[in-house]
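S.K.: take this sequence and fold it.
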Amino acid sequence: ERLGVSARDVKWAAAYKFRAETKPTLLRRIDLQIGRTGVVTPVARLEPVFVGQAMVSNATLHNESEILRKGIFANDVVLVRRAGDVIPEIVEVYEPGPRRDEDRFEMPSRCPLCNSPLLREEDQKAYRCTGVFVCPEQIKGAVLHFVSRNAMNIENVGEGLVESLVTEYGMKDVSDLYDIPRLVLSNLKTLERFSPLEDHATLGLPKSPLWSRLFPQSDHPLFSSHIDIAAAIEVFETKGLADVDVAVLLISLLPKSPLTGSTSRRRTRIGEADAYRLFQQINDSKRPSLSKFLYAMGVRLVGEEIAKKFAIRFVTWEALEAQDWPKLAKKKADLLKENSSRRRKGEVLLDDDVAGLGAEMLASIGYFFLSPERRGIVSRLRSLGVEIQPEEVARPSSSRTLFGKTFLFTGTLSGMTREQAADRVM
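M.R.: Numbering: from 1, shown residues only. You can find the predicted model right below:
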């Protein structure tokens with residue numbers, strides 16, 4: 001009880017594992033990977049090696065300080081293991097390579113993807129890309145986090161589609177998910193000709209009900225293999241993007257996979273059935289609870305459990321917006337110091353209005369609300385129909401039937417998800 005638990009860990013318990021298997025392999029080069037929150041992580045590209053019951057070709061190097069501490073150069077032979085039998089990592093240098101100047105790792109001053117400056121905070125080892133709203137990897141990471149199951153739960157949006165939306169269709173932030181038809185229409189206007197049909201037998205006329213409804217005349221553009229773009233755009237704009245048929249049809253034109261150097265322009269596209277499912281999922285996601293939405297926005301230091309604590313404490317988005325977060329963060333930091341002193345003296349502790357929420361978390365969410373760009377994204381989401389629902393705070397039950405019991409839900413439940421079942425119990 002004195003050690004307690006955190007959102008992720010049981011502080012009074014420890015787990016021991018057998019020593020991990022290690023294997024030597026060649027470190028070919030060191031690349032940089034930009035994460036959702038802008039953290040720049042050096043990644044070792046390895047000669048593939050079978051270790052820990054898996055083939056490993058990449059391993060995290062964590063940060064520049066770790067590379068210097070272990071004395072790692074490109075073209076060294078290194079010992080590799082899977083930390084915790086899961087995450088590949090380099091243990092140490094097994095045999096030094098030629099150690100030429102070009103083999104030495106140096107953190108660049110700018111992001112290799114968006115050219116924004118890289119900065120390192122005083123108390124942190126990791127560098128961060130400062131191009132939060134322009135770096136393609138940060139945008140993609142933010143979108144994939146936003147649509148994940150425990151956030152907005154839009155399951156038909158995967159990595160390939162997000163890659164295409166960001167790199168080809170000009171997606172700038174998560175609010176564009178609710179405006180995909182406009183992105184596709186804007187993209188169509190840049191093309192001289194466009195073939196929506198990889199396979200006329202499955203997507204072409206006369207088996208395409210959407211195209212048939214929108215282009216009922218017998219001489220409409222799709223009787224040829226390519227669309228008359230000007231004619232199609234005129235129909236789309238006349239009916240408007242709020243028209244369900246127009247919205248679904250435009251979504252159906254998105255490619256299933258991103259364009260690469262080896263990819264033909266005639267890629268397989270989403271198609272009408274999957275487009276309608278995606279359209280429905282996006283609409284169904286427009287009424288998230290406060291905790292789901294806060295978690296989906298990817299506030300630094302605010303994971304799923306912490307988002308729930310914020311939501312239970314403040315209940316509505318408007319209440320979160322109205323807080324003086326710098327003042328709350330300072331008050332929390334002062335309270336922790338005072339209670340630490342009182343605990344040593346055996347005195348009664350002061351009440352904590354935001355128990356379970358640390359000063360750094362309060363400062364982080366304060367930074368979120370002080371950012372005009374982030375507030376602009378939330379404002380646009382709301383203008384596109386997203387309605388953030390007040391958090392339902394469970395009232396203590398008078399029944400003690402389940403008190404003190406532990407439940408584990410696994411597998412697939414017939415009437416609800418495992419998360420919904422856990423909420424019912426709690």
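S.K.: sec struct for the closest residue to Gly71 other than its chain neighbours, please.
M.R.: Leaving aside its sequence neighbours, Gly71 sits nearest to Val93 (CB to CB, 6 or more residues apart in numbering; 5.8 Å). Where C-beta positions appear, they are placed from N, C-alpha and C, glycine not excepted. Look at Val93: counting by DSSP: H, G, I helix; E, B strand; the rest coil, its state is strand.
S.K.: what's the answer for Val78, then?
M.R.: strand.
S.K.: what of Arg29?
M.R.: Three-state assignment for Arg29 (three-state DSSP): strand.
S.K.: over to the one 4 residues further on?
M.R.: Recorded secondary structure, Gln33: strand (three-state DSSP).
S.K.: what segments of this protein are strands?
M.R.: Here the chain has its strands, by DSSP state E, at 22-34, 39-51, 54-60, 77-83, 87-95, 118-120, 127-129.
S.K.: partners of the last one in the sheet?
M.R.: Here the strand partners of strand 127-129, with direction, are listed using DSSP bridges: strand 39-51 (antiparallel), strand 118-120 (antiparallel).
S.K.: which residues are contacting it?
M.R.: With CB atoms under 8 Å, 6 or more residues apart in numbering as the test, strand 127-129 has contacts from 34, 37-40, 63-64, 107, 111, 113-114, 116, 118-121, 135, 137-138.
S.K.: with the fifth one instead?
M.R.: Strand 87-95 has contacts (CB under 8 Å, 6+ apart) with 22, 24, 27, 44, 51, 56, 58-61, 70-73, 76-83.
S.K.: let's see 10 Å
M.R.: Defining contact as CB atoms under 10 Å, 6 or more residues apart in numbering, one finds that strand 87-95 is touched by 20, 22-27, 43-44, 46, 49, 51-52, 54-62, 66-67, 70-73, 76-83.
S.K.: nearest residue to the most centrally placed residue in the chain in space, please, no chain neighbours.
M.R.: The residue lying closest to the centre of the chain (CA atoms, centre = their mean) is His145, at 2.0 Å. Closest residue to His145 apart from its sequence neighbours, by CB to CB, 6+ apart: Gly298 at 5.0 Å.
S.K.: mind listing what the one you found touches?
M.R.: With contact set as CB under 10 Å, 6+ apart, Gly298 has these partners: 36-37, 138, 141-146, 151, 174, 368, 374.
S.K.: turn those residues into a markdown table, columns for pLDDT.
M.R.: Output for these, formatted as a markdown table (pLDDT from 0 to 100):
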| residue | pLDDT |
| --- | --- |
| Arg36 | 93 |
| Thr37 | 93 |
| Gln138 | 97 |
| Gly141 | 97 |
| Ala142 | 97 |
| Val143 | 98 |
| Leu144 | 97 |
| His145 | 97 |
| Phe146 | 98 |
| Ala151 | 97 |
| Val174 | 97 |
| Phe368 | 96 |
| Arg374 | 96 |
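S.K.: gap between Asp9 and Thr268?
M.R.: Using CB to CB, to the nearest Å, Asp9 is found at 44 Å from Thr268.
S.K.: which of those two has more neighbours?
M.R.: Thr268 (12 against 9; other CB atoms under 10 Å).
S.K.: next one: the more buried one from Leu161, what distance?
M.R.: As for Thr268, its distance to Leu161 is 12 Å (criterion: CB to CB).
S.K.: hang on, the earlier thing: quick one: closest of the strands paired with strand 127-129 to Val235.
M.R.: strand 39-51 (45.7 Å; CB to CB).
S.K.: and the closest one, C-alpha only, in PDB?
M.R.: Extracted C-alpha coordinates of strand 39-51, given in PDB (Å, rounded to 0.1, in the frame of the first residue of the first chain):
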ATOM      1  CA  VAL A  39      11.100  12.400 -30.800                       C
ATOM      2  CA  VAL A  40      14.100  11.600 -33.100                       C
ATOM      3  CA  THR A  41      15.300   8.100 -32.600                       C
ATOM      4  CA  PRO A  42      18.400   6.600 -34.200                       C
ATOM      5  CA  VAL A  43      17.700   3.200 -35.700                       C
ATOM      6  CA  ALA A  44      20.300   0.600 -36.500                       C
ATOM      7  CA  ARG A  45      19.900  -1.100 -39.900                       C
ATOM      8  CA  LEU A  46      21.400  -4.600 -39.400                       C
ATOM      9  CA  GLU A  47      22.400  -7.500 -41.500                       C
ATOM     10  CA  PRO A  48      19.400  -9.800 -40.700                       C
ATOM     11  CA  VAL A  49      20.100 -12.200 -37.800                       C
ATOM     12  CA  PHE A  50      17.900 -14.800 -36.100                       C
ATOM     13  CA  VAL A  51      17.900 -14.100 -32.400                       C
END
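S.K.: please identify the buried residues of that strand?
M.R.: By neighbour count with 16 or more other CB atoms under 10 Å, strand 39-51 contains the buried residues 39-40, 42-44, 46, 49, 51.
S.K.: repeat that for stretch 120-138.
M.R.: For stretch 120-138, a neighbour-count test (16+ other CB under 10 Å) marks 126-133, 135-138 as buried.
S.K.: cool, and stretch 368-379?
M.R.: Neighbour-count burial for stretch 368-379, counted by 16+ other CB under 10 Å, picks out 368, 374, 377-378.
S.K.: repeat that for stretch 61-78.
M.R.: 61-64, 67, 72-74, 76, 78.
S.K.: which positions in stretch 374-393 come out as buried?
M.R.: Result for stretch 374-393 [16+ other CB under 10 Å]: buried residues 374, 377-378, 380-381, 386, 388, 391.
S.K.: returning to that earlier point: got JSON lines for the strands of the chain, with mean pLDDT and distance to Val354 too?
M.R.: Shown next, in JSON lines, are those (pLDDT from 0 to 100; distance: least, CB to CB, whole Å):
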{"stretch": "strand 22-34", "mean pLDDT": "97", "distance to Val354": "32"}
{"stretch": "strand 39-51", "mean pLDDT": "97", "distance to Val354": "26"}
{"stretch": "strand 54-60", "mean pLDDT": "95", "distance to Val354": "34"}
{"stretch": "strand 77-83", "mean pLDDT": "94", "distance to Val354": "34"}
{"stretch": "strand 87-95", "mean pLDDT": "95", "distance to Val354": "33"}
{"stretch": "strand 118-120", "mean pLDDT": "95", "distance to Val354": "29"}
{"stretch": "strand 127-129", "mean pLDDT": "96", "distance to Val354": "26"}
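S.K.: sweet, I'm off.
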